[in-house]
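Asker: Requesting a structural model of the entry that follows:
(one chain, ligands or ions: 1)
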Amino acid sequence: MIHWLISATRVLPMAVYKTVFELDYEAYREHYDTVIYDLDNTLLPYDDSTVTDQIYQLFETLSTLDYKVMIVSNSTSARVQATAEALGVPWIKSAKKPLKGAFFKALKHLGSTPKKALFIGDQLMTDVWGANRAGLNPILVRAIKRKSEKWYTRLNRRLEQKMLIKLSRIEPEKAKEIQTL
Ligand SMILES: [Mg+2]
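Answerer: Take a look at the predicted model:
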């Protein structure tokens, strides 16, 4: 019933993309100096921890563009650290998004501010809502693989659907963009 209490605009992303690879990071660099990623279903599917060449290349590009980069995940798994270390970036696990604490902790660690930061994730109820609450700029990507999602994520997905119905009343085009992602 929580969806009655949350304003639909709080789950509105700044932009949506099918994957993390589709953003024009060079163009975004004009206004932003920080990119923070969710891990599960944003960079990696739940059931495969392989850091692909495409991800390594992406992080190379971010480094070349002089972005501050971090991974902030709600997962308690050791693979948060393993992935972040492979990519040479700091991380926070057990982040408790949509609570604001981990977002501020990440920005403090990176020496950045909410306005200068993109937060990229696949869930409205954790990533987008949390990033909006903390004043970061949320970007929604399509979940890599939904089939292997855990029960609590499935619960969030049901809430997400209810929020999208609410959102479609005030921002029909944006809601449709998210629904057809
Ligand atoms: Mg995720």
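Asker: any idea how far the helix or strand bottoming out on mean pLDDT in the chain is from the chain center?
Answerer: When the helices and strands of the chain are scored by mean pLDDT, DSSP states H and E, helix 151-170 comes last with a mean of 90. The chain centre lies 16 Å from the centre of helix 151-170; the measure is C-alpha atoms, centre = their mean, to the nearest Å.
Asker: Any buried residues in that helix, and which?
Answerer: Buried residues in helix 151-170, counting neighbours by 16 or more other C-beta atoms under 10 Å, are found at 153, 156, 159-160, 162-164, 166-168. Backbone N, C-alpha and C define where each C-beta goes, glycine included.
Asker: just checking, what packs against that helix?
Answerer: helix 172-179 (3 or more C-beta pairs under 8 Å, 6 or more residues apart in numbering; DSSP states H and E).
Asker: beta partners for the spatially most central residue of the chain?
Answerer: In the chain, the centroid-proximal residue (C-alpha atoms, centre = their mean) is residue 121; its distance is 1.8 Å. According to DSSP bridges, residue 140 are recorded as the beta-bridge partners of residue 121.
Asker: Let me see the residues that make contact with the least confident helix or strand of the chain.
Answerer: 2-3, 6, 8-9, 11-12, 41, 123-126, 146, 149, 174-176, 178-179 (C-beta atoms under 8 Å, 6 or more residues apart in numbering).
Asker: Can you select the buried ones among the residues you listed for me in ChimeraX?
Answerer: A single ChimeraX command selects the buried members of the contacts of helix 151-170 (16+ other C-beta under 10 Å):
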select :3,6,8,11,12,41,123,124,125,126,149,174,175,178
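Asker: and which of the buried residues of helix 151-170 is nearest to the ion?
Answerer: Within the buried residues of helix 151-170, the smallest distance to the ion is 7.4 Å, found for residue 153 (C-beta to the ion).
Asker: didn't the residue nearest to the centre of the chain look like it was pressed against residue 129?
Answerer: No. Applying C-beta atoms under 8 Å as the test, residue 121 and residue 129 come out as separate, 10.0 Å apart.
Asker: Common neighbours of these two, please.
Answerer: residue 97.
Asker: near the ion, which residues of this protein?
Answerer: The interface of the chain toward the ion, taken as C-beta under 5 Å from the ion, is made up of 38, 40-42, 122.
Asker: quick one: which of these is nearest to residue 72?
Answerer: The shortest separation between residue 72 and any of the residues of the chain next to the ion is 6.8 Å, and it belongs to residue 38 (by C-beta to C-beta).
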